[in-house]
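K.L.:
just to be clear, the model below is a prediction. Sequence and coordinates:
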Amino acid sequence: MPNPRILIVALLLTATPTIASTQPEAEARFERGQKLFTTYCSRCHGENADGEGRMVKRLYRRLKTQLPSNFTLGIYADRPAEYLRKIIANGGENHSMSKYMPPFGEELSAENIDDLVHFVKKAPETYARRTDP
Amino acid sequence: MHKSSRQKLLRIAAIATALLAASVAQAAEVVVDQLNKTFVIEGNKVEAISINVGDTLRFRNDDPFFHNIFSLSDLKTFDLGSFPQGQSKTVTFDKAGTVEVECAIHPEMYMEVTVK
């Protein structure tokens, strides 16, 4: 029977490179998503993803229309990635959400949309961390 | 009401109607194509245009993908929503000043409308 200590060491040795390689990748993906979010989404969803973008203050409240989602709320981190991908690609109206949410599927690549979804799912912990005392 | 007063009122109403009809006739509709992610009028790319108070801009999507039109300018704040190729949306400018028009899907699309 193999020595359990040797087995643990072997497992650690094989797992460490995986963790090391996925962490920077996740960070890079978050940064790419954040950049895309600033360019395409922040006008409505806010610079801090809190749903308080310029469009909300200047127009949507006055129109009494459905307001953009606040991604700092934990519920969006729990939404299936595929559901978020479809809303970004097809627009809000096709998913019983705001008719003012445009469809970005023709402008953004599948990779762009994946990066955005990654950012949205990480937004609650990111912005909660930033606003903590 | 005295007959002469009634005739006077009718004359004033006729003049007012004629003036209103004249002003409506003067209001123009300008077609702005959305083509290659730019704003185009009669085949020319435009980043700034000048129109008169009362004029209407018709934004027509000539690209094979969705476009959107909105403005957050103080003078005129609107969001005409998103629409596919072949469809158009209109907006009438009823005050003098400057309005910045953008597309929510393509951040590079921008046009300044001066309303005189």
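P.N.:
Received, thanks.
K.L.:
OK, contacts around the closest residue to residue A:91 other than its chain neighbours?
P.N.:
Nearest in space to residue A:91, with sequence neighbours left out and distances taken as CB to CB, 6 or more residues apart in numbering or on different chains, is residue A:103 at 3.4 Å. For every residue, glycine as well, the C-beta is placed using N, CA and C. The contact partners of residue A:103, taken as CB atoms under 8 Å, 6 or more residues apart in numbering or on different chains, are A:89-91, A:94, B:66, B:82, B:105.
K.L.:
which of those are buried?
P.N.:
A:89, A:91, B:66, B:82, B:105 (16 or more other CB atoms under 10 Å in any protein chain shown).
K.L.:
re the thing from before, where does the residue nearest to residue A:91 land on pLDDT?
P.N.:
pLDDT recorded at residue A:103 is 97.
K.L.:
do the same with residue A:20
P.N.:
50.
K.L.:
quick one: secondary structure of residue A:44?
P.N.:
With DSSP: H, G, I helix; E, B strand; the rest coil as the basis, residue A:44 sits in helix.
K.L.:
same check on residue A:84?
P.N.:
Three-state call for residue A:84 (three-state DSSP): helix.
K.L.:
residues near it, how many?
P.N.:
Close neighbours of residue A:84, defined as other CB atoms under 10 Å in any protein chain shown, add up to 20.
K.L.:
that one against residue A:120, yeah?
P.N.:
Yes - the pair residue A:84 / residue A:120 is scored as a contact, 5.9 Å apart, by CB atoms under 8 Å.
K.L.:
now name the helix or strand holding residue 68.
P.N.:
Defaulting to chain A. Assigned by DSSP states H and E, residue A:68 belongs to neither a helix nor a strand.
K.L.:
the intended chain is chain B.
P.N.:
In this assignment (DSSP H and E), residue B:68 forms part of strand B:67-72.
K.L.:
now for that strand, which elements pack on it?
P.N.:
The contact analysis (3 or more CB pairs under 8 Å, 6 or more residues apart in numbering or on different chains; DSSP states H and E) places strand B:67-72 against helix A:54-55, strand B:56-61, strand B:77-83, strand B:97-102.
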